[in-house]
Structure formats: C-alpha cells, structure tokens
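J.: Got a sequence here, can you model it:
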Amino acid sequence: MQTLYPFKLKPLFKEKIWGGQKIRQVMGLDFGLLPNCGESWLVSGVEGNPTVIANGYLAGNELNELVEVFMGDLVGDKVYDRFGDVFPILVKIIDSNDWLSIQVHPDDQLARKRGGEFGKTEMWYVLQADENAELICGFKEQTNADKYLNYLTQGRLPELMNYEMVNKGDVFYIPAGRVHALGPGSLIAEIQQTSDITYRIFDWNRADAAGNLRDLHTEDALDAIDFTRLDSYKTVYNKVTNQTAKLIESAFFVTNILHFNQSIQKNYSQLDSFVILLCTEGKMKLVWNGEVQTLVRGEVILLPNLIEQVELHPDGICELLEVFIR
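T.: Now for the predicted structure:
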C-alpha cells in the first residue's frame, strides 16, 4: 500500500487591481501572462479555489479530495473532527502595489449565521517592504459604532485608523473583527483560516477599468467590527539562528519561524496535525524516508500528520515559516 508523503503544491495566481510584479521578481514565482499579480495562493482548500498536489503518485489531486480520503492521517485526528473535509489553513503571498481596501472579516459565529462555514482570523509576515511602506491595523483612538459611522459617511475613515510602518520580518496578528488594510510597497506571507469572506468598508474611491466602483459592505461590516483599541498591534518575537521561534499561537493556527544555516531534525510526532513549511528565504532540502524534496523561496511543502520526523538541510542561510494547528 502506498503511503502519504511530503506534498509539493501548485500555486494559484490572482490578478488584483492593486497587485504588482514582486511575486515574480522577489519570490521567483511565475504567474504567466497576468499583467499583475496581487496574490499567490500556496495552500488552499477554499471551495472553487483548491490547490493541487504537484508531486508523487497523488499528483493532480485537489487538497480537499485528499482530506476526504485520508482524514486524520493527513490533517490529524482532532483537526479532522473539528474541520471535517475542508483543509483548515489558507496560505498566501500578497503583493500590495497600492492600498488594499480598508476591510474586516467575521468570526466563526457571524460567518455561520450568514451561511458561511468559517470566519477569518489571519496573520501577516512581511517578506519585503519598500522604504516608507505602511499598513493599517486597528483604530488610532478609542472608537464606537457612532463615531466610526460618522467618519465613514464623511469619507474620512482613513483619519480614524492606526498606521504602522512596515519592515521586513514584521509580524501582525489580525483576529476576526480587526479593521485593517495593506498599503503600497509590502510583500507579505498571509496565514489564515480557510475562508474568503471579506467585508470591504472603504476602497479609496477607486474605480475599475470600466469606471465602476467596487461594492462596499457597510452593514455587514458593522456587526463584525471590534472597536477595541490596542496600545500595540505589532507582534514582538525573538529570532535566534538554528532555533525554532514562536510568532503566533492561536486557536486557529500556530506559526513559528526557523532561521537556520545548519542541518536540523524536526520531530512532529506529538502534534496530531499536518505541518506546512513555507520557505521565505534561501533554499533547502527536506529528507524523509530516504527521499529528498527541494524547497526554494516562495514554495511550500505540506507534511501529512503521519509524517513524524524529517531532516532539514539548508543551502547556506534559509528561513522557514512552520504552520500547524495545536
């Protein structure tokens, strides 16, 4: 009987009005004839947008199809009990060549109330940033629904938002309910729940090629927004070479970072979860069961739950994001 093995996946590429060229120029991913690329979906179980296995005897199969067949062997028993046949993590690379809309996502409860399956909590890891790049995360002052709507109806919502300067290596956690927007000049890795529900609040009065404004979701967004103001929105972490460091631990995903220049053995036997390895810098070889998989910047390897131990061999300095569900 053939067993599960480390999966390489074929990315999906999305043209966006605010996209650019960095997914090809910086990350080395070829998005073909698209005039620009805003997003590369590296791991996806979103209905209608599944990623497909690229290697081995299961090549050509969609990710959710394999969850349905292999269940806990692929994703972990407790993960399967919780999420069923939907692969529960979506991993993207986003190139924001212009402001994205100011937006918010619902939590699980609100998403299900409106006919969805999951809400959308996410995190950003900055892969590259231009000088003076910035983003919006949360409110700059204490706010309530009346104050928010007053600014929104006057077209002044950006004045109420908290702006953060962006540098390579920065981490932002965006729980469902937190208003946010990426600004020009940022290339990020986004780890999120498997959900494509976005409530667009303010789109900078931007029109498409036909002169049409994009739809806004004012009423839907109002129920989703958390108006709580934080003193700090940027995640602080300690990156130590050749050690795994925690970035984010939530009910929806755990994301660690590994910056390394020597071979490392990883044991995942206690996780009861799949593991996603996203290469953010350099290149490496993953060895499992005598087989070797190469991983370069911009690529992912998905390790099924059945795989308990792997060896990671960097070619010089390499950096990985390591994602799983606790």
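
J.: Name the nearest residue to residue 159, ignoring sequence neighbours.
T.: residue 151 (6.4 Å; C-beta to C-beta, 6 or more residues apart in numbering). Bear in mind the C-beta positions are built from the backbone N, C-alpha and C, glycine included.

J.: Report the contact partners of the one you found.
T.: 157, 159, 160 (C-beta atoms under 8 Å, 6 or more residues apart in numbering).

J.: Give me the distance between residue 204 and residue 136.
T.: Look at residue 204 and residue 136: by C-beta to C-beta, to the nearest Å, they are 11 Å apart.

J.: which of these two has more neighbours?
T.: residue 136 (24 against 15; other C-beta atoms under 10 Å).

J.: ok, back up a step: what about the contacts of residue 151, which are in helices?
T.: With helices taken from DSSP state H, there is no overlap with those.

J.: Which ones among those lie within strands?
T.: When DSSP state E is applied, these are split such that none fall in strands.

J.: May I have the phi/psi pair for residue 63?
T.: The phi/psi pair for residue 63 (degrees, to the nearest 10) reads phi -60, psi -50.

J.: Which secondary structure element is home to the residue nearest to residue 159?
T.: helix 145-153 (DSSP states H and E).

J.: Mind listing what's buried along that helix?
T.: 148, 151, 152 (16 or more other C-beta atoms under 10 Å).

J.: who are the neighbours in contact with residue 124?
T.: The contact partners of residue 124, by C-beta under 8 Å, 6+ apart, come to 135, 170, 171, 172, 174, 182, 188, 189, 190.

J.: next one: residue 63
T.: When contacts are counted by C-beta under 8 Å, 6+ apart, residue 63 touches 9, 43, 44, 45, 50, 51, 52, 53, 87, 302.

J.: ok, now how distant is it from residue 162?
T.: 35 Å.

J.: Repeat that for residue 32.
T.: Taking C-beta to C-beta, one finds residue 32 at 37 Å from residue 162.

J.: For the residue lying closest to residue 100 once chain neighbours are set aside, give the beta-bridge partners.
T.: Excluding its sequence neighbours, the residue lying closest to residue 100 (C-beta to C-beta, 6+ apart) is residue 182, at 4.6 Å. Assessed by DSSP bridges, residue 182 has beta-bridge partners residue 135.

J.: Take the buried residues of helix 145-153 and write them to CSV, including pLDDT and distance to residue 102.
T.: Converted to CSV, the buried residues of helix 145-153 look like this (pLDDT from 0 to 100; distance: C-beta to C-beta, whole Å):
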residue, pLDDT, distance to residue 102
148, 97, 11
151, 96, 11
152, 95, 9
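
J.: got a markdown table for those, with distance to residue 18 too?
T.: Shown next, in a markdown table, are those (distance: C-beta to C-beta, whole Å):
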| residue | distance to residue 18 |
| --- | --- |
| 148 | 23 |
| 151 | 22 |
| 152 | 20 |
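
J.: Just give me the neighbour total for the residue lying closest to residue 260 once chain neighbours are set aside.
T.: Nearest non-adjacent residue to residue 260, counting by C-beta to C-beta, 6+ apart: residue 242, 4.8 Å away. Using other C-beta under 10 Å, residue 242 has 12 other residues around it.

J.: okay but residue 242 is in contact with residue 263, surely?
T.: No: at 9.5 Å, residue 242 does not count as touching residue 263 under the criterion of C-beta atoms under 8 Å.

J.: so what's the closest residue to residue 217 other than its chain neighbours up against?
T.: Distances taken as C-beta to C-beta, 6+ apart place residue 199 nearest to residue 217, at 4.0 Å, with adjacent residues excluded. By C-beta under 8 Å, 6+ apart, the residues touching residue 199 are 103, 104, 105, 106, 217, 220, 221, 224.

J.: Could you single out the nearest of those residues to residue 128?
T.: If you rank those by distance to residue 128 using C-beta to C-beta, residue 103 comes first, at 22.3 Å.

J.: Give the bridge partners for the closest one, please.
T.: Beta-bridge pairing for residue 103 (DSSP bridges): residue 180, residue 200.

J.: just checking, it touches residue 177?
T.: No: when contacts are counted by C-beta under 8 Å, residue 103 is not listed as touching residue 177 (11.5 Å).

J.: okay, and the common contacts of those two?
T.: In contact with both residue 103 and residue 177: no residue, using C-beta under 8 Å, 6+ apart.

J.: List the contacts of the residue nearest to residue 100.
T.: 94, 96, 99, 100, 124, 135, 136, 188.

J.: quick one: the last one from residue 87, how far?
T.: When you say that, I think you mean residue 188. From residue 188 to residue 87 the distance is 21 Å (C-beta to C-beta).

J.: Counting neighbours, what do you get for residue 322?
T.: Counted with other C-beta under 10 Å, residues neighbouring residue 322 total 21.

J.: Would you check how far apart residue 192 and residue 218 are?
T.: To residue 218, residue 192 is 23 Å away according to C-beta to C-beta.
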